[in-house]
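# sequence first, then the predicted structure, then my questions.
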Amino acid sequence: MPPRGKHLAMYNFGLHVAPYDSPEVEGFRLREAANFEAAARAHGFVGRSGYDGEPGPPCWGKQVFPRFIEGSGFATAPSSLSLWADIESLMAFTYSGVHTDSLKHARRWNVKQRWPALVLWWVDADVIPEWKDGVERLERLHDEGPSAAAFSFKRPYIADGQPATINRDRVKEIAAKNAERQGDLMAHVLTLKA
């Protein structure tokens with residue numbers, strides 16, 4: 001059951017193998033809009049930050065990047081910042097349906113990471129995290145390991161700071177609901193170049 005008055009914040013960060021507009025990451029570009037739409041249709045999705053100067057939702061503060069971008073040759077990198085009702089909802093979205101199709105091809109588009117792919121933390125329901133918050137938490141998870149302040153699916157925490165056990169049956173139930181809502185998107189992404 002989702003905790004009352006709390007949302008789960010998620011920030012992820014990666015580096016592409018080539019510039020965003022290059023043929024090497026075309027498969028990522030082709031799937032990006034479908035992934036955003038799949039998230040918007042997903043059970044437990046609360047909202048996401050947009051990107052400064054781009055159409056879509058408002059940007060949650062100035063977009064910044066973790067120190068892992070240094071030396072990459074890139075000024076920007078693929079990253080996202082979103083809010084979810086609970087960890088099972090986020091896990092169901094991440095590891096099923098449209099997003100799973102992208103994960104299947106991610107090694108083709110992204111460099112091997114020496115840092116956590118994502119970080120999770122709880123916020124009060126009236127709080128909108130900013131990009132800098134996600135960056136700080138990702139670096140903290142990398143440097144200090146998981147804690148209630150910065151964790152991942154592997155070692156999750158509930159909102160009161162205690163270690164959590166993910167309800168895998170609930171994840172499956174949510175994934176099945178999401179599949180019904182995302183059928184047209186899934187059919188579309190399966191036609192796309194990887």
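Received, thanks.

# can you give me the strands for the chain?
Along the chain, counting by DSSP state E, strands occupy 6-13, 45-48, 79-84, 118-124.

# helices or strands up against the worst-scoring helix or strand of the chain on mean pLDDT?
Lowest by mean pLDDT, DSSP states H and E among the helices and strands of the chain is helix 97-109, with a mean of 94. When contacts are defined as 3 or more Cβ pairs under 8 Å, 6 or more residues apart in numbering; DSSP states H and E, helix 97-109 sits against helix 26-41, helix 87-94, helix 168-189. Where you see a C-beta, it was placed from the backbone N, CA and C, and this is true even at glycine.

# so which of those is the most packed in?
helix 87-94 (a mean of 25; mean count of other Cβ atoms under 10 Å).

# that older thread, next, format the strands of the chain as JSON lines and append mean neighbour count.
Formatted as JSON lines, the entries for the strands of the chain read as follows, by neighbours: other Cβ atoms under 10 Å:
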{"stretch": "strand 6-13", "mean neighbour count": "22"}
{"stretch": "strand 45-48", "mean neighbour count": "16"}
{"stretch": "strand 79-84", "mean neighbour count": "23"}
{"stretch": "strand 118-124", "mean neighbour count": "20"}
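
# of the ones you listed, which is nearest Ser152?
Proximity to Ser152 (Cβ to Cβ) singles out strand 118-124 among these, at 6.2 Å.

# that closest one vs strand 6-13, what angle?
For strand 118-124 against strand 6-13, the angle by axes from the mean of the first three to the mean of the last three Cα atoms, to 10 degrees is 150 degrees.

# burial count for the residue nearest to Thr165 when sequence neighbours are not counted?
Closest residue to Thr165 apart from its sequence neighbours, by Cβ to Cβ, 6 or more residues apart in numbering: Pro156 at 8.0 Å. The number of residues packed near Pro156 is 18, by other Cβ atoms under 10 Å.
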